[in-house]
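In: sequence isn't available, so here's the structure alone:
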């Protein structure tokens, strides 16, 4: 009898142990710090990355990207493809099926009407939706039944996964957001700060630009998750203080985007309370070359416009020499350490799209000098600066105020001086540089300089819209209030034709090859863009936090439902 | 006195209007755009739509008048409505609708009591102020109080024993406190007491509410460093004022008279000299009170307090004009108000001063 009950007891222990371990909310609180504080949780209203990521604990799209950049279903039952019939043969429709039995955190069912409403919400002309580019090209959305969403595009769409995928395009609850359509969107403070979602957590308290408090969603679809009952997402300070709060003082479990220099990284890792995790996405720090003349002697409205080609940077040899003179590994060592690697591509990832372009990785000062010499750029008056036809190689090099960028400027200026190029440095407040104010002379679009340095990337894994930035039609100028992404003023009919072809091609392998070709046209062949560093994501988590998988393709908190307290 | 008070209050109205306009001009002319925070992956036409949705594309004067209406009519209306339950907003709706349609040149505009909304967070600015004020008042207020409490005895004793070692030490202390910036002292204290010794947290928890002994201890611990930094700074300034004021009075005839009458030194200094010396000090202290509400921009940033000062600097960084304008204007109101209070206190403390 005793033995029997003992055995039964032991058996029971074994049976219940995994269940007890995987109980929802069993691990208490997890504390996350974002040095940029969260201003809102609705990705459509505020579109800073931090807001989108904070919202992603609550709001989910149909499908998300995993750490390898592959799509995986979130609210959808499966990923529609040509093979499973989810995408029509003519590439004009995609049919998503929702997981059956899904409910919002308030207990009401998730239906296809919510998905359709989300599209209407974001495409309303007066709403000012930050993610409306995700819904471009949609003709209509039909909902034949509660679980089916059929998206019809205006024409064939080789990459139909833009809408409703990734944290930038989550599904909103129709019942909650119905009063917030159009001009009313911004006034819906309650909805925007406490959206009802399907994710693992619900917002319990939100202090603007300060702290968000979440509790486990009682209606989350996996009854065993999340392991944490409470999430505190604190904002404020700077990257260094955030890293220190995890790595040195242990006040927080996870710090987002702790972009600090290699020396500081090493010092913090020595404290032993946490680890840095890094991953690489598509963010590339680059020098963009101005192909038009920014000279202040030109009348206003003609500076940096296609009316006047650049006196020397329109010569591809000069651009190539500038690229050759740079030691990219040295830049990485100074500025990023483990969180960066040298690159010669503007599309460094996903792997299928990355060109095998490595020739720039080795610095070649002598080669650069020889190239300039051969192209006729010689130092005729002996002042150390090369010239030709009375034009000196004198460059104004601008970027934003940022310690790493100022280090880069100084190093690159040294190398360029070595090959006989005079360099003047300028740094601009990032709020002005990226602000896009047509009245300011210092925006990166206006480009009143010869070269400028910043970082750019693309959303998700499809580079097509990104490659479209270099089309002739996207050149900024006074006629379009200096709006346009082709800041180099690059214009090549061959490039435009290839890009058009890309937008009509569906086969992944052919698409990948085309993107590589386009990438090479602007980098190793044209040297219009001089890529420097593939900037990874660097975040930190404490040793007691388990389950963190850094993802650069989607929100960093993409798998928070799987996080737990290390035992 | 009462007449004087009313006169000053009335004079404050045009002053404040002028201040609000100047602030609006400066804030508007400052470079930067509310779009600077938006990632480059968002295309230009979408950015343009976002600007239009904010109303940021309207002419400056139109935005200024709308802001004035929102501040003085709508926000005041909401405040009265929330306090008393009267239907103020409904009452002003028809008139506001007419005015706003005229201003925006739109026939379809619907007035539904729109408050001043932050461009960055799309939350009413007064809600942000309400969330930020408690921590600013606790931290900066406590620091100010402690600063005054330290400064008075130091200032008095330094003056009484002029050129003694205590006076020299006090002078040194206040020179250091005043000239070493808070971002330096703050970071040094964090490095020593939070990172090396681990006694205090480096990040202020605004969700902490004091309910029991443990949470009170946590509260004191997170207050300790920022309050020390700010108190040191405040004490340095006020102790110098106290010292010079006491010094001035110690040489006066009435002090000699008091001593000649055989009064004890304690009574001479604390009852007679102190009372007269405090007149200018009280004014200085009163004039400093608005800075408590203004928060300590640098210190809040270093200790991640997320108070009013941090909100203001954050808003400036992303060109969130409605927030910057509203918060700065409230500071202006407080400064004008406390100037008035200081003048009145002066009259009460010093019977020789008469305003009528």
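Out: Arrived safely, thanks for sending. Computed from a prediction, not measured in an experiment: that's the story for all the values here. Numbering: from 1, shown residues only, chains lettered A, B, ... in the order given.

In: what's the first helix or strand after the worst-scoring helix or strand of chain A on mean pLDDT?
Out: Using mean pLDDT, DSSP states H and E, the weakest-scoring helix or strand in chain A turns out to be helix A:2-21, at a mean of 47. Proceeding N to C from helix A:2-21, the next assigned helix or strand is strand A:29-34, under DSSP states H and E.

In: off-centre distance for that next one?
Out: 22 Å (C-alpha atoms, centre = their mean, to the nearest Å).

In: give me the phi and psi for residue 114.
Out: In the absence of a named chain, chain A is used. phi -60, psi -40 (degrees, to the nearest 10).

In: now do it against residue A:130, distance only.
Out: Separation of residue A:114 from residue A:130 (C-beta to C-beta, to the nearest Å): 20 Å. No exception for glycine: its C-beta is placed from N, CA and C like everyone else's.

In: what residues does the stretch 51-200 of chain A put near chain B?
Out: The stretch 51-200 of chain A comes close to chain B at residues A:125-133, A:183, A:185-189, A:192-193, as judged by C-beta under 8 Å from any C-beta of the partner chain.

In: give me the buried entries from the residues you listed.
Out: Buried by 16 or more other C-beta atoms under 10 Å in any protein chain shown: A:127-133, A:183, A:185-189, A:192-193, out of those.

In: can you tell me which of those residues is nearest residue A:239?
Out: Closest approach between those and residue A:239, by C-beta to C-beta: residue A:130, at 23.9 Å.

In: phi and psi next, for that closest one.
Out: Torsion angles, degrees, to the nearest 10, at residue A:130: phi -70, psi -20.

In: just the ones of the buried ones among the residues of the stretch 51-200 of chain A next to chain B in helices?
Out: A:189, A:192-193 (DSSP state H).

In: next, count neighbours for residue A:548.
Out: Residues contacting residue A:548 under the criterion other C-beta atoms under 10 Å in any protein chain shown number 20.

In: wait, it touches residue A:254, no?
Out: Yes. The pair residue A:548 / residue A:254 is scored as a contact, 6.9 Å apart, by C-beta atoms under 8 Å.

In: give the contact list for the residue of the stretch 451-567 of chain A at minimum distance from chain B.
Out: Closest to chain B within the stretch 451-567 of chain A is residue A:483: 3.7 Å, counting by C-beta to the nearest C-beta. Going by C-beta atoms under 8 Å, 6 or more residues apart in numbering or on different chains, residue A:483 touches A:436, A:438, A:445, A:476, B:44-45, B:47-48.

In: relative to residue B:226, which of those is nearest.
Out: Nearest to residue B:226 out of the contacts of residue A:483 is residue A:436 (C-beta to C-beta; 36.7 Å).

In: helix/strand/coil for residue B:204?
Out: coil (DSSP: H, G, I helix; E, B strand; the rest coil).

In: which non-adjacent residue is nearest it?
Out: residue B:305 (4.4 Å; C-beta to C-beta, 6 or more residues apart in numbering or on different chains).

In: which pLDDT value goes with the one you found?
Out: pLDDT for residue B:305: 87.

In: and for residue 315, the neighbour number?
Out: Using chain A here. 18.

In: not what I meant, chain B
Out: Residue B:315 - counted by other C-beta under 10 Å - has 27 other residues nearby.

In: that one contacts residue B:118, doesn't it?
Out: Yes. The pair residue B:315 / residue B:118 is scored as a contact, 7.2 Å apart, by C-beta under 8 Å.

In: which neighbours do these two share?
Out: Joint contacts of residue B:315 and residue B:118 (C-beta under 8 Å, 6+ apart) are residue B:323.

In: ok, and the closest non-adjacent residue to the residue in the stretch 101-250 of chain B positioned nearest to chain A?
Out: With C-beta to the nearest C-beta as the measure, residue B:121 is the residue of the stretch 101-250 of chain B nearest to chain A, at 3.7 Å. Nearest in space to residue B:121, with sequence neighbours left out and distances taken as C-beta to C-beta, 6+ apart, is residue A:39 at 3.7 Å.

In: report how many residues lie close to residue B:142.
Out: For residue B:142, using other C-beta under 10 Å, the count is 16.

In: flag every residue of the stretch 201-350 of chain B that's near chain A.
Out: B:201-203, B:205-207, B:301, B:304, B:306, B:310-311, B:314, B:317-319.

In: cutoff 7 Å now
Out: B:201-203, B:206-207, B:304, B:306, B:310-311, B:314, B:317-319 (C-beta under 7 Å from any C-beta of the partner chain).

In: just the buried subset of those, written out for ChimeraX, thanks.
Out: Those of those that count as buried under 16+ other C-beta under 10 Å are selected in ChimeraX with:
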select /B:201,202,203,206,304,306,310,311,314,317,318,319
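
In: helices - which of the residues of the stretch 201-350 of chain B next to chain A land there?
Out: Reading helices off these with DSSP H, I get B:310-311, B:314, B:317.

In: so for stretch A:396-409, mean pLDDT?
Out: pLDDT averaged over stretch A:396-409 gives 92.

In: try stretch B:11-18
Out: Per-region confidence: stretch B:11-18 scores 91 on mean pLDDT.

In: which elements pack onto whichever strand or helix holds residue A:287?
Out: According to DSSP H and E, residue A:287 maps onto strand A:274-289. Applying 3 or more C-beta pairs under 7 Å, 6 or more residues apart in numbering or on different chains; DSSP states H and E, one finds that strand A:274-289 contacts strand A:451-456, strand A:529-542.

In: out of these, deepest packed?
Out: Neighbour counts (mean count of other C-beta atoms under 10 Å in any protein chain shown) averaged over each of those peak at strand A:529-542, with a mean of 24.

In: what lines up beside that one in the sheet?
Out: Strand pairing for strand A:529-542, determined by DSSP bridges: strand A:254-256 (antiparallel), strand A:274-289 (antiparallel), strand A:340-342 (antiparallel).

In: which SSE is immediately downstream of the longest one?
Out: Scanning the chain past strand A:274-289 towards its C-terminal end, the next helix or strand to appear is helix A:316-324 (assignment: DSSP H and E).

In: so which elements touch that next one?
Out: So helix A:316-324, by 3+ C-beta pairs under 7 Å, 6+ apart, packs with helix A:365-374.

In: among the helices and strands packed on strand A:274-289, which comes closest to residue A:557?
Out: Residue A:557 lies closest, by C-beta to C-beta, to one member of the helices and strands packed on strand A:274-289: strand A:529-542, at 10.1 Å.

In: pLDDT score for residue B:31?
Out: Residue B:31 carries a pLDDT score of 78 in this model.

In: burial check on the spatially closest residue to it that is not a sequence neighbour, number of neighbours?
Out: Of all residues not flanking residue B:31 in the chain, residue A:432 sits nearest, at 4.4 Å (C-beta to C-beta, 6+ apart). Using other C-beta under 10 Å, residue A:432 is surrounded by 22 other residues.

In: quick one: contacts of whichever strand or helix holds residue A:432?
Out: Assigned by DSSP H and E, residue A:432 falls within helix A:430-433. For helix A:430-433, contacts defined as C-beta atoms under 7 Å, 6 or more residues apart in numbering or on different chains pick out A:400-401, A:440, A:442-444, B:31-32, B:36, B:317-319.
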